[in-house]
Structures are given as structure tokens and as C-alpha cells.
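Peer 1: Here is a sequence with its predicted model. Questions after.
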Amino acid sequence: MNLQNLENSIYKLVTETSTNLPKDVRRAIKKAKEAENAGTRAAMSLDTIANNIFMADDNVSPICQDTGLPTFKIKTPVGVNQIEIKEMIKKAIAQTTADAKLRPNAVDSLTGANSGDNLGEGVPVIKFEQWEKDYIEMKLILKGGGCENKNIQYSLPTELEGLGRAGRDLDGIRKCILHSVYQAQGQGCSAGFIGVGIGGDRSSGYDLAKEQLFRHVDDVNPNEDLAKLEEYVVKTANTFGIGTMGFGGEATLLGCKIGVMHRIPASFFVSVAYNCWAYRRMAVNINAETGEIMEWHYQDGEKISFEEEAKAETKQQGEVVKLTAPITEEKIRSLKVGDVVQISGRMYTGRDAIHHHLMSHDAPVDLDGQIIYHCGPVMAKDEDGNWTVKAAGPTTSIREEPYQGDIMKKFGIRAVMGKGGMGPKTLAALKEHGGVYLNAIGGAAQYYADCIKSVDGVDLLEFGIPEAMWHLGVEDFTAVVTMDSHGNSLHADVQKSSLEKLADHAERVF
Ligand SMILES: O=C(O)C[C@H](O)C(=O)O
Ligand code: SF4
């Protein structure tokens, strides 16, 4: 095999997966846009998402800043050297990372050190199988952390919030799948896709669930019962009112694919892999002799470019509140849930490592009146040592729940921005201290990178690129107030109303 060609082919596969959303996924997002009522927050978010999809393709830059845990599934003809393929994958991954097509995402679990090139113990994940065909099939999925954290595994029989007992039968499975969509709320960047694995043990069940994510969005399950269940789940989940980003709305789930395998008598697992709208999976067939790509998968049907959405002015409904830090307490207390804000001026990124650090250290900059953005960007450094932002969408804020309120009070921070909302502890602190939570559109990494006009500094870079504190100069960076200083939380409201909707489906259906 020509190894240089193989490395180039893998480089193309990785770049395409990270930057160009597959056609079937684009069509599903287009359908979601059509289902949403014009003028709502959900419709506005979908416009931003559509715009972002176009920009990523156009800039050949990551759709979302989160590369996830790159996972390859490969089938090779008998006799092909799998060790060589593994080496070429590692080279291509390191090169695409150096070229800012991927964010350095491999973190030492014990020391916290980022390897910087997406290589590490067991990373990337590479799984081989042999087959009788004479070419190589290579599939790749880049599934980000926010949606991965919303995966869930049920052990039947069990009791489910809103739905009661789920037994060891098709109807029990149905209840688990509905519950999995409810528990994800908007935190996995809805509207999402789910892969479900019935049976196996804890690890093979999850593997089966993830394998379903390689199916085409518009295929039909050959098992009739499962085909009916898939259709039922999508239809029913879209009545929950969770909507895009958990803002409420019509489009909550864009696809459900269910696989089944045998189990052992004592165990009955239903495993659900939740994937965000930034559903980045692609596959190629590779000539086993030349190493060149013969064919790309997921190429059927129309490609929606979303160019029109990208060209149209994003229509803001109602008033837009302009914010520039430092922000006064009075200004913050005038904001309420539902307000659209546009930030210009300075903001600072801070996510898991920074929040942990700030609990026991001073801040490297004066944070009084400032805005903290929960974001781990993709950054590139030029020959002169200057940084530019390549992708910069929000990360899931709930991970900072144990720290956020205390940090805001300790340093006088007035606004935190991320996605998916935060819990009761933060809500209480916003009220007491005078603060707001701003929700940005998850995954819209190109759209937001475009609003960042300068990188004015960086602190704590030793935590790695995603975890450092970046000082960003932004212009018209748009977000929605979803938690205010008056005790209101859109996230708490949507969770409550969606639980009521879920509970409508406690009766047996299958
Ligand atoms: O790590 C990130 O940048 C975001 C993550 O994918 C998330 O959804 O929270
Ligand atoms: S930020 Fe959202 S879109 Fe990006 S990987 Fe995380 S869950 Fe997916």
C-alpha cells in the first residue's frame, strides 16, 4: 500500500468530517427549521446554526470547536497491515490538529495535561474488523463532550421520572428512550439525534448505540417493530417542547436509530448515545493497494448549502440590549429572561479548569463587572506569535454549577455565558449578587469566531488551549438571557413543562 496516499486520504476524511456536515444531517436541520414558528428564539437559533454550517464549509474550519474523541471504525480485507493504518491515522490526526481543523482535545486523565496533538493513551479510538471485500472502509465520528455527557444507560426493570415502571419488554424500552430525550434537555445542543442499543452488557450496549449513529438519517430499520418504535420516538419527543438549545419549540429530536443484540439472562440494558445537531460523521472507501479514496459515503440526495440563511440578515425580534463590560449591578438587574443581548468589548473565557482554579486563587485579571464566557476555542498561532480564533462556540455550563455562584460573588462578575443553563445554586447567586446567565447557541463555533475581532491576551495557558483564560475583543456577540437576577430561569420552566408532556406517555403503547 502507498502509505503517503493513505495518510492524505485520512487527512481529507478528518477535515471533511470536522468542517462539512453530511447531506442527510443538513436535510434534517432544514426540516427542523421548517417546523419552527418564525420569530421564536428556537427559529432564531436555527438560523444561526444554518449560517454556521455554511460558514464552516466555506472556511474549511470546524463546525463546532469540540473535536470530541475521534473514533475510527475500519474494515479491512484479509492481509492488510492494520498497524500501518494505525500509524497513518495518528499522523493525519496530528497534522489536522496542527492545521486547526481539530482542537487539541486529548487530556491526561491524571495530570490534566493536554497532549496538544490529539494523541494519547487510547486516543484516537481505532477499531478494526476484517471483511471479505477487497477495499478498506473507514468511518469516523467526531462526537463532542456536551452530548456525550448526556448519554444514558438504563438497567431494566427500573422506575422512571414521569413514566413509572419500565419493564423488560418493548414498552419498557420505549419509556427509557423517551426519558433519555427528556433528561438531555437542551444540554446536548438539541435538536439532536439518538442511537440506541438494546441488550449486550454495559460496554457492548453503548458500542451498539454509537454504531447506530453511522446509519443514514432517512433509512428505515429492517426490523418492523424497531422501525415503528423509531418513528414513534421521533414523533413523540417532538411534542415535549424542549426545542433548539432547550429554548422551547417544536424540533427536539431529528432522528432515532435503534439496534438490538442478545443479552444475558440477568441483564437488560437500554443504552442511548445522544448526538448534538453538529452530527459529524463521515466514511470513505479506500483502495487497499493505492491508499486513495474511491468513494465517499452519505452522498445521496440534495445538499442544502444554507447559503441563503448565511446571506440573510439575522432577524432580531424586538429590542436588542447592548452590553459592554464592565457592567453595573443596576444594568444587570434591568435584564430579564427572554432579552436578547449584544456584547461588544472585552470578555474572558473560563471553563472547568479556570473555575476550579479561581476557587482557591486570585484571578489573573480584574473581573469586577466582567463577562465570563464558558468556551474552549480552537486557536491558531502565526509566525509572529499572534493568536487567532478559529472556532469558539459555548460549552455546557452546568459543569460549573458547583463553583459559579461563589466565583461570581468573589470576583464581582456580572454575567456568565455558555449553553444549556445552570441550576438552582447559580440562580440563587444571580439574585443575591446581581448577575445574569446568557445562553449562546451551542456548536455555532464559526458564527461566534466571526464576532471575535481580537485576541488581547491569555492567562493560564498551562491548562491547555481549551482551558486557558483568553481575553477576547468582541463585536455584536449575540446571546439570550435565560436566567436573570429576579429568580427566573427559562431552563427550569422548560424542564418542568417537558416533564408534564413526558408524563402523558406513561400508558402502554407497544
Ligand atoms: O468542549 C466543548 O467545547 C463543548 C462541549 O462539546 C460541550 O457541549 O459542552
Ligand atoms: S458544543 Fe454542542 S454542538 Fe458542539 S460538540 Fe458540544 S454538544 Fe455538540
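Peer 2: Good, I have the coordinates. Ligands and ions are numbered 1, 2, ... in the order given.
Peer 1: Excluding chain neighbours, give the residue nearest to Lys90 in space.
Peer 2: Leu119 (5.7 Å; Cβ to Cβ, 6 or more residues apart in numbering). (Each C-beta comes from the backbone N, C-alpha and C, glycine too.)
Peer 1: Ignore what I typed, I meant Met469.
Peer 2: Nearest residue to Met469, sequence neighbours excluded (Cβ to Cβ, 6+ apart): Asp459, at 4.4 Å.
Peer 1: Hmm, the residue nearest to Lys90 is touching Ala92, no?
Peer 2: No. In this structure, Leu119 is not within contact of Ala92 by Cβ atoms under 8 Å, at 10.9 Å.
Peer 1: List the contacts of the closest residue to ligand 1 within the stretch 151-300 of the chain.
Peer 2: Here the residue of the stretch 151-300 of the chain nearest ligand 1 is Cys189; by Cβ to the nearest ligand atom that distance is 6.0 Å. Listed by Cβ atoms under 8 Å, 6 or more residues apart in numbering, the contact set of Cys189 reads Cys64, Gly144, Gly146, Cys147, Met245, Cys276, Trp277, Ala278, Lys419, Gly420, Gly442, Gly443.
Peer 1: Nearest to Lys331, out of those: which one, please.
Peer 2: When the contacts of Cys189 are compared for distance to Lys331 (Cβ to Cβ), Lys419 wins out at 22.8 Å.
Peer 1: what number of residues lie near the closest one?
Peer 2: 28 (other Cβ atoms under 10 Å).
Peer 1: How about the contacts made by it?
Peer 2: By Cβ under 8 Å, 6+ apart, Lys419 lies in contact with 146, 186-187, 189, 245, 374, 393-397, 439-442.
Peer 1: swap the cut-off to 6 Å and go again
Peer 2: Pro394, Asn439, Ala440, Gly442 (Cβ atoms under 6 Å, 6 or more residues apart in numbering).
Peer 1: how close does the first one get to Leu460?
Peer 2: From Pro394 over to Leu460 the distance is 19 Å, taken as Cβ to Cβ, to the nearest Å.
Peer 1: how about stretch 299-313: buried residues?
Peer 2: Going by neighbour count (16 or more other Cβ atoms under 10 Å), the buried part of stretch 299-313 is Ile304, Phe306, Glu309, Ala310.
Peer 1: hmm, back to that, which of Pro394 and Leu460 has more neighbours?
Peer 2: Taking neighbours as other Cβ under 10 Å, Pro394 and Leu460 compare with Pro394 leading, 29 against 18.
Peer 1: Touching, that one and Gly418? I think so.
Peer 2: Yes. Pro394 is within contact range of Gly418, at 4.6 Å (criterion: Cβ atoms under 6 Å).
Peer 1: Find the residues that touch each one of these two.
Peer 2: Common neighbours of Pro394 and Gly418 (criterion: Cβ under 6 Å, 6+ apart): His374.
Peer 1: circling back: tell me the confidence at the residue of the stretch 151-300 of the chain closest to ligand 1?
Peer 2: Here, the pLDDT recorded for Cys189 equals 98.
Peer 1: helix or strand for it, which one?
Peer 2: Applying DSSP states H and E as the criterion places Cys189 outside every helix and strand.
Peer 1: returning to that earlier point: pretty sure the residue nearest to Met469 sits against Pro364.
Peer 2: Yes. Taking contacts as Cβ under 6 Å, Asp459 lies within contact range of Pro364: 3.8 Å.
Peer 1: Show me which residues of the stretch 51-200 of the chain sit near ligand 1.
Peer 2: With the criterion set to Cβ under 6 Å from any ligand atom, the stretch 51-200 of the chain comes near ligand 1 through Gln65, Asp66, Gly144, Gly145, Gly146.
Peer 1: Repeat that for the stretch 401-510 of the chain.
Peer 2: Taking Cβ under 6 Å from any ligand atom as the contact definition, the stretch 401-510 of the chain meets ligand 1 at Gly442.
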